[in-house]
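> Compute the structure for the input listed below.
(2 chains)
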2 protein chains.
Amino acid sequence: MDNEFHTIIVGSGSGGLTVAVGLSKLGKKIALIEKDHIGGDCTNVGCVPSKTLIHASEHVGGEIGLEPEEVLEWVRERRDDLRDEETEFVEELPNVTLIRGHARFVDSKRLEVTSRDGNIRVVSARNIVLATGSSPRRLRIEGLPNTRLLTNENLFEMKKAPLHLAIVGGGVIGVEMAFAFRRLGGDVSVIDRGTRLLKVSEVEAGELLAERFVEEDIGLYLESEVLRYDDDTEILHLKDGQRLHDVDRVLVAAGRVPNLDLDLDKAGVEFHERGIPTDGLGRTNQPHIYAIGDINGDSAFTHSANHQGRRLVRVLAFPFLPRPGKQPHYPSATFSDPEVAQVGPTLQELHKLYHPELVSTHLVPLSDTDRGYTMDVEHGFVKLNVMAVTGRLLSATIVAPAAGEMISLLTASVNHGISVYKLADLVFPYPVLSDAIKKAANDYVFSTLTGLHKELFRYLRYRLRRR
Amino acid sequence: MDNEFHTIIVGSGSGGLTVAVGLSKLGKKIALIEKDHIGGDCTNVGCVPSKTLIHASEHVGGEIGLEPEEVLEWVRERRDDLRDEETEFVEELPNVTLIRGHARFVDSKRLEVTSRDGNIRVVSARNIVLATGSSPRRLRIEGLPNTRLLTNENLFEMKKAPLHLAIVGGGVIGVEMAFAFRRLGGDVSVIDRGTRLLKVSEVEAGELLAERFVEEDIGLYLESEVLRYDDDTEILHLKDGQRLHDVDRVLVAAGRVPNLDLDLDKAGVEFHERGIPTDGLGRTNQPHIYAIGDINGDSAFTHSANHQGRRLVRVLAFPFLPRPGKQPHYPSATFSDPEVAQVGPTLQELHKLYHPELVSTHLVPLSDTDRGYTMDVEHGFVKLNVMAVTGRLLSATIVAPAAGEMISLLTASVNHGISVYKLADLVFPYPVLSDAIKKAANDYVFSTLTGLHKELFRYLRYRLRRR
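Numbering: from 1, shown residues only, chains lettered A, B, ... in the order given. This next block holds a predicted model:
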């Protein structure tokens, strides 16, 4: 058995697979180590099943009349089909040796891979790429039996929808699953320590989702904490004497921790609890060891891991090409109802970077657009944070039914320097909700003008819908 | 009564209102002439009621369980509310004299306005802006009583949904209304002379909508023509002996004609049957007379009329500023199911402009994206037409549920020179249907590379969904 490789990749999720596929095609001899399923969290216990559930849950009851159990089964089928397709694809990749097992460093050049049945194989390579991703932060809840405890890792294995699902954590996963499981028909309660939902997003996004929770009858307990569970009474006790009744499942979605169980110290790789620091091109303090995706702590998205993987292929395969520039601002999307999409820092973060007067903020509700009127849209907005005078777009947030599709214009604007002046002059088809982008851009333009010009620009909008 | 104005505007639709509002705010003395309702076709008999109907028709039956009659009533209420709001706004505009009536030129400086009750007022101005829009092309159908004949002008006045609506014309209006009225529950048949639906769009868009028609059980009669109607049997006779049974209403949506009933020859304004030619800034052969919106034949959208109006305000109010550049490529959107959005010329049109080998075309079905997979999307695609080698985006078409929201990235790309190389490198949030844009851009990039590089770029997509 040949144990010498050009590159060893640990983890076959979005980041690792991208590198494996890229280098494989370039004829490099690759070892791809995976201790669980091919595809990583995204395919198996993340985006793919969660987005399938979000979509399918819309068809519970109503015209198609699916039962919750059918939806959960459908989610697994779709997930398994994709996993099988990806697994077959990887197994057929030329130049790639797929090794199943848990990898740990022996020294900075060698990894020891332990398979499930205890076999050990030692492999070495010129380059080592760590792409092991992250895991849900574990939380011990007093009195809660393991059979009632869920994370994203076992959530999609449930055969029946919970009668009352308590979700600990009001971040992206918590919010998405709250809407989806509420649609399946059960009660849902979300508990978070913070003062709002989606704390990494703009304040208005979290506030809006809280209003939506009320409409959907999803319980929301902010600035709260889970104290203990009583299995006999099925009561979940929260801080300040609050009690949630008839809770049969608790989903813990309280952050992620990087998967660092690699004996990194044996390789001399520096790390801290939030991950392995890199130079922005994925290089760790050990120049031949790279870390991409969730474990480097830069960004924890499938799409950012993919992008880092693409950049790394370029670095490893074409070292003679100029190095890629700094990483772009990655967009994010939460597939709530409505969706929340964002690119660049929040206003709060910007105020740490720039003097507040340098940042000009413009928020336009979707209900101020004509499409919002014809669609009778009650919730949602576009918020632009703009550098004063220059009109550079610093960051943007969209809350809208298809915000994930709408954000890319603004991702291009933030990363490729399309100024807000240009956005104000861009022609949008009539009538679309994206008109709120144009209105917000016009607001900025008008705010930079004086007197009559202000008035002029204020009114030269599509049609006449006023704030 | 003072009859001398700085500018006379004929028509209070999207184009005329934009100019009126802009110049009003700049203190210019304006006459705004309207022979019908404030807001023009868009507010009264166009985009606003049609998009409200399209949206509301989704709620017939199902969970909310609206009746078709309630939907039609709701459309009128929303339309009337917006019309009232706009009318009040216009009546309160400072410096604007609203004159109700039909305007015709007396000579190149004067217009005679005849009100409904026969009063005549002659007005004159330094600048005259013609923004009278367009009307549905009239079609005489032998045997069809007027009570059964519909155009967009009386369509939204119906109290009850037709049992079988025959639509003559498979363009934007025909297609949108076919889906909407089918949702109201009646039968719908579309008849068109051409070989496909949406003949101004890419071939694949029309073909896809034809498939959707089959799924929705909407009749489609291409390369056909209406010969006559038999009022006793309610049979609509088509070419080649085809018959549509139980047809109780016929909607004629067979193109638009510019509203040129202005005695243009008395002003020496040149025109032809497709409209009044202008210099791209709205100026006719008479340098003080302008024509914007549908009547100049450049583009027939609410958003293009608005854009032309904005440009004209700049020209009229700030003659010292540099002239605006040439008009952008206006995007279009058809609110069918799925939506069709487009910017720039179709491939057929491009082949008249460039040698076919200079245009590189890349089409990616939405089902090839992971979001398409999780949403189980069967229809839709992104098609990019790219200038070979340079990577300039010449035109693009998106067919997708929210295509109207997705197109603006590509409008910016076509009009502001964001190359397809940049689109290939842009990070989209995962998973979104817009990923098809990235895939199509990657296809272009890979097509410009050779050998290994090709293979590499072919596979460096998000995840592994293959064509």
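> So which helix or strand of chain A has the lowest pLDDT on average?
Sorted by mean pLDDT, DSSP states H and E, the helices and strands of chain A end with helix A:451-459, the least confident at a mean of 50.
> measure the closest residue to residue A:245 other than its chain neighbours to residue A:150 for me?
With C-beta to C-beta, 6 or more residues apart in numbering or on different chains as the criterion, residue A:245 has its nearest non-adjacent residue at 5.8 Å, and that residue is residue A:235. All C-beta spots, glycine's among them, are computed from the backbone N, C-alpha and C. The gap separating residue A:235 from residue A:150 is 18 Å, by C-beta to C-beta, to the nearest Å.
> who has more neighbours, these two?
Using other C-beta atoms under 10 Å in any protein chain shown as the criterion, residue A:235 and residue A:150 rank with residue A:150 on top: 24 against 16.
> Which residues of the stretch 1-150 of chain A lie near chain B?
A:14, A:17-18, A:21-22, A:25-27, A:39, A:42-43, A:47-48, A:51-52, A:54-55, A:61-63, A:78, A:82, A:85-86, A:89 (C-beta under 8 Å from any C-beta of the partner chain).
> Would you mind writing the ChimeraX command to select the buried ones in those?
Entered in ChimeraX, the line below selects the buried ones among the residues of the stretch 1-150 of chain A next to chain B, by 16 or more other C-beta atoms under 10 Å in any protein chain shown:
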select /A:14,17,18,21,22,25,26,39,42,43,47,48,51,52,54,55,78,82,85,86,89
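> Restricted to helices, list the residues of the stretch 1-150 of chain A next to chain B.
Of these, the ones assigned to helices by DSSP state H are A:14, A:17-18, A:21-22, A:25, A:42-43, A:47-48, A:51-52, A:54-55, A:78, A:82, A:85-86, A:89.
> which strand of chain A spans the most residues?
strand A:120-130 (DSSP state E).
> Can you name the residue of the stretch 51-200 of chain A nearest to chain B?
Distances between the stretch 51-200 of chain A and chain B by C-beta to the nearest C-beta are smallest at residue A:51, namely 3.9 Å.
> circling back to that earlier point, which helices and strands does the longest strand of chain A pack with?
Applying 3 or more C-beta pairs under 8 Å, 6 or more residues apart in numbering or on different chains; DSSP states H and E, we find strand A:120-130 packed against strand A:4-10, strand A:30-34, strand A:110-114, strand A:289-291.
> Now for the residue in the stretch 201-350 of chain A positioned nearest to chain B, how many residues are close by?
Across the stretch 201-350 of chain A, the shortest distance to chain B (C-beta to the nearest C-beta) belongs to residue A:333, at 3.6 Å. By other C-beta under 10 Å, 25 other residues sit near residue A:333.
> does it count as helix, strand or coil?
Recorded secondary structure, residue A:333: strand (DSSP: H, G, I helix; E, B strand; the rest coil).
> so it makes contact with residue A:402?
No - using C-beta atoms under 8 Å as the test, residue A:333 is too far from residue A:402 to be in contact (10.1 Å).
> joint contacts of the two?
Common neighbours of residue A:333 and residue A:402, counting by C-beta atoms under 8 Å, 6 or more residues apart in numbering or on different chains, are residue A:339.
> Nearest residue to residue A:26 in space, please, no chain neighbours.
residue A:317 is the one closest to residue A:26 (C-beta to C-beta, 6+ apart), at 4.9 Å.
> Can you give me the neighbour number for the one you found?
Neighbourhood size, residue A:317 [other C-beta under 10 Å]: 21.
> Quick one, grab the pLDDT at residue A:288.
Model confidence at residue A:288, given as pLDDT, is 97.
> Now do the contacts for the closest residue to it other than its chain neighbours.
With C-beta to C-beta, 6+ apart as the criterion, residue A:288 has its nearest non-adjacent residue at 5.4 Å, and that residue is residue A:127. Shown in contact with residue A:127 (C-beta under 8 Å, 6+ apart): A:6, A:7, A:8, A:288, A:289, A:290, A:316.
> Make a PyMOL selection of the buried ones in the residues you listed.
Filtering the contacts of residue A:127 down to the buried ones (16+ other C-beta under 10 Å) takes a single PyMOL command:
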select buried, chain A and resi 6+7+8+289+290+316
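> Most widely separated two among the contacts of residue A:127?
Greatest spatial distance among those (C-beta to C-beta): A:6 and A:289, at 14.2 Å.
> For residue A:55, see how far away the residue nearest to the spatial centre of chain A is.
Closest residue to the average C-alpha location of chain A: residue A:301 at 4.4 Å, with C-alpha atoms, centre = their mean. In this structure, residue A:301 and residue A:55 are 19 Å apart, going by C-beta to C-beta.
> and if you look at residue A:103?
Noted for residue A:103: a distance of 35 Å to residue A:55, by C-beta to C-beta.
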